[in-house]
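Student: sequence? don't have it. structure:
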């Protein structure tokens, strides 16, 4: 399941660090010449405009297609309303009185972290999303924020500030903890893309993503593999049917679907 050479993975002796940027668009990264995101090997792979981030990142983590893992909701709840009328009435009631919890595939299927000796998952969507991010998602629900200029601007500043804190915390963990597989996920690239579509704030968000990539790469060892990846792209506020990938060295792997990353990382850990 994946197009890479066994020889490359068997020779790999370092650690694997994954930086996931939700909705990061390859064309914008290339047009802005963001050299820290554009590592030695980079390109796109086929994704889908029909699938959401929960479905795609769960496939990344588990190697399973969405129809097999069944994860698709942005909110984890103990029950789901099935009758159409009750769905309409119940959704507003549930939203008012119950915020649910971050969706997580942990314990339901094997993920890449189950194949690591010393995994370091930090704010990984669909696995261990931080409560602070979950609350931020509720505060700036896209359906209620898109089109509201003032609220969108507040969302921009709050997401950037929160993501800066995340990056600093993850950087510290990379230095102080022992790990063989580390991963974190940033959602601000997707959120800001949806809210603003294009323009200066989108460019600022991409410049910030490039800065994060540099800061995290700077604390890695020479032998470590840095994977930068998005689940899909985004232009003018709409998803594009491909994701972005970038590696800091030639490792003999080119993804053909998001599930391929699971098997590739598994192979490196077992190599």
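Tutor: Received it, and whenever you're ready, just let me know what you need. Nothing here was measured: the structure is a model prediction, and the numbers come from that model.

Student: switch to C-alpha atoms for all contacts and neighbour counts from now on
Tutor: Fine.

Student: Show me the strands in the stretch 151-271 of the chain, by range?
Tutor: For the stretch 151-271 of the chain, the strands defined by DSSP state E, counting those that start in this stretch occupy 181-186, 225-229, 233-235, 238-240, 242-247, 253-254.

Student: Kindly apply the preceding question to the stretch 1-150 of the chain instead.
Tutor: Here the stretch 1-150 of the chain has its strands, by DSSP E, counting those that start in this stretch, at 3-4, 16-21, 41-46, 119-122.

Student: Format these as JSON lines; extra columns: distance to residue 206 and mean neighbour count.
Tutor: Listed next are the strands of the stretch 1-150 of the chain as JSON lines, based on distance: least, Cα to Cα, whole Å; neighbours: other Cα atoms under 10 Å:
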{"stretch": "strand 3-4", "distance to residue 206": "29", "mean neighbour count": "16"}
{"stretch": "strand 16-21", "distance to residue 206": "10", "mean neighbour count": "22"}
{"stretch": "strand 41-46", "distance to residue 206": "16", "mean neighbour count": "18"}
{"stretch": "strand 119-122", "distance to residue 206": "21", "mean neighbour count": "20"}
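
Student: got the contact list for the nearest residue to residue 13 once chain neighbours are set aside?
Tutor: Of all residues not flanking residue 13 in the chain, residue 223 sits nearest, at 7.1 Å (Cα to Cα, 6 or more residues apart in numbering). Residue 223 is in contact with 13, 14, 15, counting by Cα atoms under 8 Å, 6 or more residues apart in numbering.

Student: Over to residue 194?
Tutor: 142, 146, 236, 237, 238.

Student: Verify the contact between residue 235 and residue 195 for me.
Tutor: No. Using Cα atoms under 8 Å, residue 235 is not in contact with residue 195, being 11.6 Å away.

Student: how close does residue 28 get to residue 127?
Tutor: Using Cα to Cα, to the nearest Å, we find residue 28 at a distance of 28 Å from residue 127.

Student: same question but for residue 156, I mixed them up
Tutor: Applying Cα to Cα to residue 156 and residue 127 gives a distance of 25 Å.

Student: Show me where the chain has its helices.
Tutor: If DSSP state H is used as the criterion, the helices of the chain fall at 6-11, 26-31, 53-62, 66-69, 84-97, 131-139, 142-145, 149-176, 188-196, 200-217, 260-270.

Student: Check the gap between the closest residue to residue 73 other than its chain neighbours and residue 232 for me.
Tutor: Setting aside the residues directly before and after it, residue 73 is nearest to residue 54 in space (Cα to Cα, 6+ apart), at 6.6 Å. Counting by Cα to Cα, the separation of residue 54 from residue 232 is 12 Å.

Student: If anything else comes up later, I'll come back, but that's it for now.
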